[in-house]
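Q: can't give you the sequence, but here's the structure:
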């Protein structure tokens, strides 16, 4: 970084009214706690339950782990700032938040794509499923998702650290992200904006198109299955499709268009940073009998062992 007179940034926040911020604190703190507990419960259940040893649940446990980390990158500071009169963060802290936010965000996108591939193999190539989706292959796909997120984020940060920041130092957002930071740079950021658009936006769009294509192929192949087989497959796929729409919709809306100062941008960001990570475990558990039974059995074992 060169020509940086700015070492500390002021975050505007979601709302400026102190009373509204207190209401938001009361609303969002339980949501974050539910995110950590809900996703943590899925991780523990899959790890401890032998009945959830299939690749689908292996990927689900890692998705839940990413959800906890992804939400924790932004939400704890956001909640703390709701009670602060002046919300500040160092420039280094801001870049660190951006780095981990994008690492985890793209890792989640790639994991969702991997999960769609897993469903495609399970439904369209059932006889070869155990061979194709072996545990080493599953581990490799998870590692590839993390590597993809890391490479993506390193490119974003490399572009950003080249920019000079000499003032102003006010970010019109409730957390650090690329577009709000670009607005306070003391240089033309049109090229950097195009790089971010192509990097973040195209990853989201291409992954989304790949997901849609895989589910179209799955739906076509389901015509050859029995009524019970179609029902079970559609139930599993429906949960995944709901999660995909909840995550990809806001991401594409924000990153595949020019940046703006509209308040609705911040509200959309709240949806995919605070709300969606909480909804994912609810969606997967409420629609999945195996997960619910495994959680019930695990809970009963803990209670029973505690009584002995």
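A: Cool, got the structure. Just so it is clear, the model here is predicted, and its values are computed rather than measured.
Q: All the helices of the stretch 51-200 of the chain, in order from the start?
A: Per DSSP state H, counting those that start in this stretch, the stretch 51-200 of the chain carries helices over the ranges 55-81, 91-124, 129-132, 135-161, 178-183, 190-196.
Q: And these, which one averages the lowest pLDDT?
A: Ranked by mean pLDDT, these bottom out at helix 190-196, which scores a mean of 83.
Q: Next, the buried residues of it.
A: 192, 193, 195, 196 (16 or more other C-beta atoms under 10 Å). C-beta: built from backbone N, CA, C; applies to glycine.
Q: now the next helix or strand after it against helix 91-124, angle please.
A: Counting by DSSP states H and E, the next helix or strand C-terminal to helix 190-196 is helix 202-221. Interaxial angle of helix 202-221 relative to helix 91-124 (axes from the mean of the first three to the mean of the last three C-alpha atoms, to 10 degrees): 20 degrees.
Q: Helix 202-221 packs against which elements?
A: Counting by 3 or more C-beta pairs under 8 Å, 6 or more residues apart in numbering; DSSP states H and E, the packing neighbours recorded for helix 202-221 are helix 91-124, helix 227-255.
Q: And for it, what's in contact with it?
A: 106, 109-110, 112-113, 116-117, 119-120, 123-124, 152, 233, 237, 241, 244, 248, 251-252, 255-256 (C-beta atoms under 8 Å, 6 or more residues apart in numbering).
Q: With stretch 291-304 instead?
A: By C-beta under 8 Å, 6+ apart, the list of residues contacting stretch 291-304 from outside reads 41-42, 44-46, 48-49, 51-52, 57, 284-286.
Q: cool, and stretch 85-105?
A: 1, 4, 6-13, 18, 66, 69-70, 73-74, 77, 81, 146, 149-150, 152-154, 156-157, 160-161, 165, 171, 175-178, 181, 200, 251.
Q: what's the offset of that stretch from the middle of its chain?
A: From the chain centre to the centre of stretch 85-105 is a distance of 16 Å (C-alpha atoms, centre = their mean, to the nearest Å).
Q: Which residues does the helix or strand hosting residue 277 contact?
A: According to DSSP H and E, residue 277 maps onto helix 276-286. Residues from elsewhere that reach helix 276-286 (C-beta under 8 Å, 6+ apart): 31-32, 34-35, 38-39, 41-42, 60, 63-64, 67-68, 70-71, 239, 242-243, 246-247, 250, 291-292, 295.
Q: how much space between residue 58 and residue 133?
A: 9 Å (C-beta to C-beta, to the nearest Å).
Q: repeat for residue 6
A: Separation of residue 6 from residue 133 (C-beta to C-beta): 49 Å.
Q: Where does pLDDT dip in the stretch 151-300 of the chain?
A: By pLDDT under 70, the low-scoring segments of the stretch 151-300 of the chain are 229, 232, 236, 251-264, 286-287.
Q: what about residue 14, is that helix, strand or coil?
A: Assigned by DSSP: H, G, I helix; E, B strand; the rest coil, the conformation of residue 14 is coil.
Q: Ramachandran angles for the closest residue in space to it that isn't next to it in sequence?
A: With sequence-adjacent residues excluded and distances taken as C-beta to C-beta, 6 or more residues apart in numbering, residue 14 is closest to residue 174, at 4.4 Å. As for residue 174, its main-chain torsions (degrees, to the nearest 10) stand at phi -110, psi 0.
Q: list the contacts for residue 174?
A: Contacts of residue 174 by C-beta under 8 Å, 6+ apart are 11, 12, 13, 14, 78, 81, 266, 269, 270.
Q: go again using 10 Å as the cut-off
A: 11-15, 24, 74-75, 77-78, 81-82, 87, 180, 266, 269-270, 273-274 (C-beta atoms under 10 Å, 6 or more residues apart in numbering).
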